[in-house]
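Asks: Here you go, sequence then predicted model.
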Amino acid sequence: MSVVSGNPNGVAIIQPRVAAQPLPWEGYAEAPTLKGLKRGLNGFSSRACRRISSVVLIKSMPLDFAQPVVRRAWLRQLLAPIDEAKWNDLARELFAWQFAQVPAYRRLCLAHGVTPESMASWRDIPAVPQQLFKQTLLYAHGSAPPAAIYVTSGTTTGQPGRQHLLGTDIYRAVTVEGARRAGLLAREVELHFLTPSPAEASYSSLSAMFGFWQKAFRQIFPRPRFWVRHGHFEFSRLRETLTTQIKARRPVAICGTAFSFVHLIDAWADLPPLRLPRGSWLLETGGFKGRSREISKTRLYSQLARTFTVRDTAIWNEYGMSELSSQAYAHGTHGLHHTPPWARVLVCDPATGREVRVGKQGLVRWIDLANTDSVLALQTLDVAERTPHGFRLIGRLPRTEPRGCSLSADDLVAHGESSSPTP
Amino acid sequence: MTTRQRLDLLARAYPRLFPRTELLHLLRDQLGHVDALDTWIRREDVRVRARAPKIIYHICAGNLAVSAWTSLAHGLLLGAHNVVKLPGDRDEGNRPSSTTRREILAFIRGLPAPLRKLVETHRELDVDLLHQAEVIVAFGADTTMKGLRALIRWDQKFIAHGHALSLLWLADPNRLTPRQARACAVDILIYDQLGCLSPQAIYVPPGTDFYSLGRKLAHALEAHWLGLKKKPARPLSVAARIAEARDMAHALGHRVWLPPKHHLGWTLIHNPDPAFQPSPLHGVITLREAGESRLGAALASVAGRISTVGITDRLSARLENVFLGLGVSRFCAAGRMQFPPLTWHHDGRSSLADLVAWIDSENFE
């Protein structure tokens, strides 16, 4: 067996495929087939395929991520082993496509003096500020209608950002496979989500991800539940269900935003702790931006551990965002975050744009090869410490330096909110 | 100690910040007489004298020390006991403000002993002391003001300086002289653009040659930056905002002027959208075009919050009316935005006169 690969320099790459394990998304999303590739790709070397029947080969050509067959082939590559050279090639290919397709991104790259031709390493790929998603459309498919539009919170500027996806195929596959490789979804648990269902919140990438988890593992997680309905938490019903599952000694997993867990802790403050069966875990994500109150991660984890009688290491953090397709995971209060193989994080100094040294703090910059439909490189305002084997997420950069009497964007939003009529 | 004695001590300690002549002018302008606090002053048929508050509670902002210095100087001039609530390590937005605190403490240490005795400092808000104060002067975020208002009694004077911003208006940008460009650079870069008197945008009329204007301003900004003896720090949080502003502008197709080697001292952006948007500060300034007919709409989102408009050349009567309609409280020449006279009506208030009460003695003979 082999994996599909290609690069923009006219050189076809043939790589042996490692022993194929069944992937969770297979059978759910249509996997790429030799027949499909032959039919869908111009310039495909059918002669080569006939000669080497176990080899799938794409002759180099400008990739078009609007083509389903290219998307499937791309996905197959992302989920296969990726060494450094291949990572660089894939990043270069995706960068070249998005450079050509996304005008705002092209302008940014040109301002940095980086083009697909001049780019020496994937580390040189310019990253768009996360804020840019709130100001302009970053979509690589022109007028083609997106299958999904995920909306960011918009709590810092009052204007939400929008991530347009031509199809949810790649997002669906990498969110499932990313969680599986992180160690989640490895054994049977009863899944509970403290979010609205994807049907109720079609704009939410988080609800979509939880929905994909549920569908991908429908057979082993038969009864997922979304415990936010019509904008309200259903904590009483959740507790009843959990109590039943605990009695039956079935492990459970509860996933939600940090904000939703705070509400849950508050709601159950006067109730005795639950004792979740062995193998249970919790997953929190996101911050408290603009929410009613904030608590530290240490305190949140200690309260969660007490409320559910679980170990600190059974509490996971998912670090992702609507503007990206991939996620990083960490477990325990002091756990390091790890990305899946198809996404990488650089901890960068904004003054130089370069990576900081190990042990130093900088801003998180994502390079996400699964983010085909917008921009692969995203510059966040999240502070992290670079570690030898990952990064330690510290938190969101404070919005601004002390402003005192000077008006800031945040203040302007607050001013607008307070001066607008209330119903 | 008389007012004149306190004035002399203050002027001697800080002759550049509080020149003697300006302090005398301030007293005459706002209290009618230099000795109004010490003796009866005749006003037509009535004798009056000013009474200073016994305790003034100053709540200082974390961004700049200069507003605290001025507020404290007013209190000292009046001979009041001054309680100073220093900014914490972090302000309400979790932003560092320890530099400002150090500068305020240094100012107090530099006062002569008789004045220093009139000052006490606190790191935390002391509600008991707050309730004893006759006057509370506060600088900072709107949320801080809201919280304080809930704490104070009805019979206490509360002088709140909340959020505000300032602008530059270039009347004839195509003929901007190097001197005017330098004046703009001073306004933009002094105090690292952190105060409410710092311009956050430069407005110009239609027909502006942005290429030429940008080049002149960029040249002046770089010259001023190079001349700064102590350049403001660019920690991670500041560098991130500046880099973000630059990348956003590049991606949106705006014209951007950057310093040599792209250092983080200043950034000039031409945004074709006339609607005002707050700057990330720290030397990031945006050029926007709006004529007299569009300026009101462009600034509508910040109406009532514009402190100062710095002007080059002239201000037409029509434009002046537009700005007045937006609640602007001060016009000045470019280059003078950060140096208001001591008699300046901060946020439209008489800073010294607002602090005192008056005693009338009518002719009863």
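Replies: Arrived safely. Numbers count the residues shown, from 1 in each chain, chains lettered A, B, ... in the order given.
Asks: Over in the stretch 1-150 of chain B, which residue gets nearest chain A? Let me know.
Replies: Closest contact between the stretch 1-150 of chain B and chain A, by Cβ to the nearest Cβ, is at residue B:61 (2.9 Å). Yep, even glycine has a C-beta here, placed from its N, CA and C like the rest.
Asks: quick one: that residue and residue B:87 touch, right?
Replies: Yes: if you go by Cβ atoms under 8 Å, residue B:61 and residue B:87 touch, sitting 6.6 Å apart.
Asks: For the longest strand seen in chain A, buried residues please.
Replies: Using DSSP state E to define each element, chain A has its longest strand at strand A:377-387. Residues of strand A:377-387 classed as buried: A:377-386 (neighbour count, 16 or more other Cβ atoms under 10 Å in any protein chain shown).
Asks: how about those in JSON lines, adding pLDDT?
Replies: Formatted as JSON lines, the buried residues of strand A:377-387 follow (pLDDT from 0 to 100):
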{"residue": "A:377", "pLDDT": "98"}
{"residue": "A:378", "pLDDT": "98"}
{"residue": "A:379", "pLDDT": "97"}
{"residue": "A:380", "pLDDT": "95"}
{"residue": "A:381", "pLDDT": "93"}
{"residue": "A:382", "pLDDT": "93"}
{"residue": "A:383", "pLDDT": "93"}
{"residue": "A:384", "pLDDT": "94"}
{"residue": "A:385", "pLDDT": "94"}
{"residue": "A:386", "pLDDT": "94"}
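Asks: ok, which of those residues also contact chain B?
Replies: A:379, A:381, A:383 (Cβ under 8 Å from any Cβ of the partner chain).
Asks: about what we covered before: how about TSV for the buried residues of strand A:377-387, with distance to residue B:153 added?
Replies: Below are the buried residues of strand A:377-387 laid out as TSV (distance: Cβ to Cβ, whole Å):
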residue	distance to residue B:153
A:377	56
A:378	51
A:379	49
A:380	46
A:381	41
A:382	44
A:383	42
A:384	47
A:385	48
A:386	53
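Asks: Which residues are in contact with the closest residue to residue A:377 other than its chain neighbours?
Replies: Closest residue to residue A:377 apart from its sequence neighbours, by Cβ to Cβ, 6 or more residues apart in numbering or on different chains: residue A:127 at 3.8 Å. Each residue near residue A:127 by Cβ atoms under 8 Å, 6 or more residues apart in numbering or on different chains is listed here: A:365-367, A:375, A:377-379.
Asks: which one of the ones next to chain B among the buried residues of strand A:377-387 is nearest chain B?
Replies: The closest of these to chain B turns out to be residue A:381 (Cβ to the nearest Cβ; 5.8 Å).
Asks: wouldn't the closest one be in contact with residue A:321 here?
Replies: No: the criterion here is Cβ under 8 Å, and residue A:381 misses it with residue A:321 at 11.0 Å.
Asks: hey, what's in contact with both of the two?
Replies: Common neighbours of residue A:381 and residue A:321 (Cβ under 8 Å, 6+ apart) are residue A:130.
Asks: Residue B:40 reaches residue B:50, doesn't it?
Replies: No: assessed by Cβ under 8 Å, residue B:40 is found out of contact with residue B:50, at 10.3 Å.
Asks: Between these two, tell me which one has more neighbours.
Replies: Neighbours per residue (other Cβ atoms under 10 Å in any protein chain shown) separate residue B:40 from residue B:50, with residue B:50 holding more: 23 against 15.
Asks: who does the host helix or strand of that one pair up with?
Replies: Here residue B:50 sits within strand B:46-51, counting by DSSP states H and E. Strand B:46-51 pairs in its sheet with strand B:41-43 (antiparallel), strand B:357-361 (antiparallel), by DSSP bridges.
Asks: Other residues contacting the first one?
Replies: When contacts are defined by Cβ under 8 Å, 6+ apart, strand B:41-43 is touched by residues B:32-33, B:35, B:47-49.
Asks: Scan chain A for its longest helix.
Replies: For chain A, the helix with the greatest residue count under DSSP state H is helix A:84-101.
Asks: what stretches of the stretch 1-150 of chain A score poorly on pLDDT?
Replies: Along the stretch 1-150 of chain A, the parts satisfying pLDDT under 70 run over A:1-62.
Asks: Helices of that one, residue ranges please.
Replies: With helices called from DSSP state H, counting those that start in this stretch, the stretch 1-150 of chain A shows them at A:34-40, A:46-51, A:68-79, A:84-101, A:103-111.
Asks: Determine whether the claim that residue B:231 is in a helix is correct.
Replies: No: going by DSSP: H, G, I helix; E, B strand; the rest coil, the assignment for residue B:231 is coil, not a helix.
Asks: The residue lying closest to it once chain neighbours are set aside - how many residues pack around it?
Replies: Closest residue to residue B:231 apart from its sequence neighbours, by Cβ to Cβ, 6+ apart: residue B:265 at 6.8 Å. Neighbourhood size, residue B:265 [other Cβ under 10 Å]: 22.
Asks: my hunch is that residue B:265 is in a helix, does that hold up?
Replies: No: counting by three-state DSSP, residue B:265 is located in no helix; its state is coil.
Asks: Hmm, it is touching residue B:225, no?
Replies: Yes: the pair residue B:265 and residue B:225 passes the contact test of Cβ under 8 Å, sitting 4.0 Å apart.
Asks: who touches both of the two?
Replies: Contact criterion Cβ under 8 Å, 6+ apart; residues shared by residue B:265 and residue B:225: B:189, B:231, B:259, B:283.
Asks: returning to that earlier point: what element comes up after the longest strand of chain A heading to the C-terminus?
Replies: Criterion used, DSSP H and E; the element after strand A:377-387 is strand A:390-396.
Asks: Show me which residues of that next one are buried.
Replies: Buried, per 16+ other Cβ under 10 Å, within strand A:390-396: A:390-393, A:396.
Asks: Show me where the stretch 151-300 of chain A dips below the pLDDT cut-off.
Replies: A:153-158, A:220-224, A:287-294.
Asks: which stretches of it form helices?
Replies: A:169-182, A:205-216, A:235-247, A:258-267, A:297-308.
Asks: Please produce CSV containing those helices, extended by distance to chain B.
Replies: Converted to CSV, these look like this (distance: least, Cβ to the nearest Cβ, whole Å):
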stretch, distance to chain B
helix A:169-182, 23
helix A:205-216, 22
helix A:235-247, 30
helix A:258-267, 17
helix A:297-308, 15
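Asks: With distance to residue B:83 as extra columns, can I get those helices in JSON lines?
Replies: Shown next, in JSON lines, are those (distance: least, Cβ to Cβ, whole Å):
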{"stretch": "helix A:169-182", "distance to residue B:83": "55"}
{"stretch": "helix A:205-216", "distance to residue B:83": "49"}
{"stretch": "helix A:235-247", "distance to residue B:83": "47"}
{"stretch": "helix A:258-267", "distance to residue B:83": "37"}
{"stretch": "helix A:297-308", "distance to residue B:83": "34"}
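Asks: Could you export those helices to CSV, including columns for mean neighbour count?
Replies: Converted to CSV, these look like this (neighbours: other Cβ atoms under 10 Å in any protein chain shown):
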stretch, mean neighbour count
helix A:169-182, 24
helix A:205-216, 23
helix A:235-247, 15
helix A:258-267, 19
helix A:297-308, 18
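Asks: rewinding a little: from the contact counts, what lies against the longest helix of chain A?
Replies: Judged by 3 or more Cβ pairs under 8 Å, 6 or more residues apart in numbering or on different chains; DSSP states H and E, helix A:84-101 is in contact with helix A:68-79, helix A:103-111.
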